[in-house]
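Visitor: Sequence and predicted structure, then a few things I'm wondering about:
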Amino acid sequence: MQVLKKFLLIGTVLVLLVSGCSKSTTEPVDSSPPIDNQAKEQDQLIVGFSQMNHINPWRVAETNDLRRVAQERGYSLLLTDADSSIEKQTEDIKQMIAQGAQYIVCTPLVYEGYDEIVRICKEASVPLIMLDREIKGEAGVDFLTFIGSDFYEEGVRAAQWLADTTQNTAKIVELHGNEGASCSIDRSAGFHSIIDDIEGMDVVAWGFADFERITGQDVMEDIILSYGRDFNAVYAHSDEMAIGAIQALKAASINPGKDVDIISIDGSKDALKSIIAGELGASIECSPRLGTAVFDTIEAHIAGEEIPARIIIEDRLFDPSNAEEIFHEGF
């Protein structure tokens with residue numbers, strides 16, 4: 001890849017395709033006409049960003065943050081929405097490379113199935129960055145690096161919070177994200193690494209809720225109908241699912257925060273509102289604001305610096321002790 005000698009001060013954010021975001025509770029991602037070659041500026045860094053979808057506020061916030069940082073630093077960002085399809089994501093990445101992308105940033109839908117994308121980027125000599133989820137393969141070899149949170153540690157922290165809150169006595173409902181995603185796998189593995197060794201703490205019911213609020217509500221309703229009310233804790237792999245579950249609990253006259261202790265992951269403003277209201281017990285931060293880390297990494301790579309195989313973002317715990325104070329930091 002030709003080393004860039006200079007960057008322009010003014011950047012252009014270019015959008016290939018963004019699907020509708022009707023399920024989002026945040027501002028939608030802006031859309032623009034398909035890119036063309038005339039939109040590129042000579043010597044301007046061109047980065048292709050393949051977002052898996054925009055079906056929840058976390059994804060929208062992540063995309064908007066990359067857009068913001070690209071604009072601030074004067075880079076062109078080619079943006080595609082894979083609509084939860086690896087096949088579409090593969091074609092999107094091919095098109096972005098054909099349009100001149102010098103780096104590809106990809107949020108993978110699931111852990112397996114990305115061999116073709118890895119091969120495409122290698123053959124084109126375009127560095128590939130996996131963002132916020134991991135894939136099967138060796139970071140630093142099959143792709144440049146992974147940037148995101150430590151999902152296993154998030155699960156560990158959720159289990160420790162529940163153990164402390166329930167005094168090691170909990171019948172737990174666990175709401176997973178989408179099946180096969182690295183974050184779902186690791187958040188569950190970390191959680192079970194703690195609770196499986198504590199007598200009196202057991203997962204009594206679980207389901208996949210795809211990181212979506214309405215699906216979280218539906219799954220919780222099904223669990224209440226099929227399993228019953230004999231549980232006193234909920235561990236949701238995302239805030240959106242937890243908020244949906246809270247709606248289902250309230251509809252069944254089960255008081256969240258009193259009858260059931262709930263912890264989730266992400267740190268959204270809606271989650272912080274729920275903590276302040278006394279319904280959600282805590283949320284472990286998993287920030288979607290990854291734009292700075294992405295472009296810092298790209299700039300370091302261009303400068304010839306060694307890039308770590310995994311770049312882990314530190315997360316905080318939001319609970320009643322700090323929710324109001326740091327509410328503005330939610331997304």
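Guide: Sure, I can see it.

Visitor: can we go C-alpha only for contacts and neighbour counts from here?
Guide: Noted.

Visitor: Assign a three-state SS to residue 146, would you?
Guide: strand (DSSP: H, G, I helix; E, B strand; the rest coil).

Visitor: Pull up the gap between it and residue 262, please.
Guide: 30 Å (CA to CA, to the nearest Å).

Visitor: between these two, who's got more neighbours?
Guide: Remark: of residue 146 and residue 262, residue 262 carries more neighbours, 29 against 26, as counted by other CA atoms under 10 Å.

Visitor: So what sits opposite the more buried one in the bridge?
Guide: Beta-bridge partners for residue 262, by DSSP bridges, are residue 234.

Visitor: tell me, how many neighbours does the residue lying closest to residue 328 once chain neighbours are set aside end up with?
Guide: Counting by CA to CA, 6 or more residues apart in numbering, residue 328 lies nearest to residue 269, which is 7.6 Å off, once chain neighbours are set aside. If you count neighbours by other CA under 10 Å, residue 269 ends up with 18.

Visitor: Need phi/psi at residue 269.
Guide: Dihedral angles of residue 269 (phi, psi; degrees, to the nearest 10) stand at phi -60, psi -40.

Visitor: Then residue 231?
Guide: Residue torsions, per degrees, to the nearest 10, at residue 231 are phi -150, psi 150.

Visitor: On the three-state scheme, the nearest residue to it once chain neighbours are set aside is what?
Guide: Nearest residue to residue 231, sequence neighbours excluded (CA to CA, 6+ apart): residue 171, at 4.7 Å. Under three-state DSSP, residue 171 falls in the strand class.

Visitor: how about residue 171, what does it touch?
Guide: By CA atoms under 8 Å, 6 or more residues apart in numbering, the contact set of residue 171 is 200-204, 230-233.

Visitor: Look up how far residue 157 lies from it.
Guide: Counting by CA to CA, the gap from residue 171 to residue 157 is 17 Å.

Visitor: quick one: residue 211 and residue 240 touch, right?
Guide: Yes: Residue 211 is in contact with residue 240 according to CA atoms under 8 Å; the separation is 6.2 Å.

Visitor: so what sits against both of the two?
Guide: Residues touching both residue 211 and residue 240 (CA under 8 Å, 6+ apart) are residue 56.

Visitor: Among the two, which residue is more densely surrounded?
Guide: residue 240 (29 against 24).
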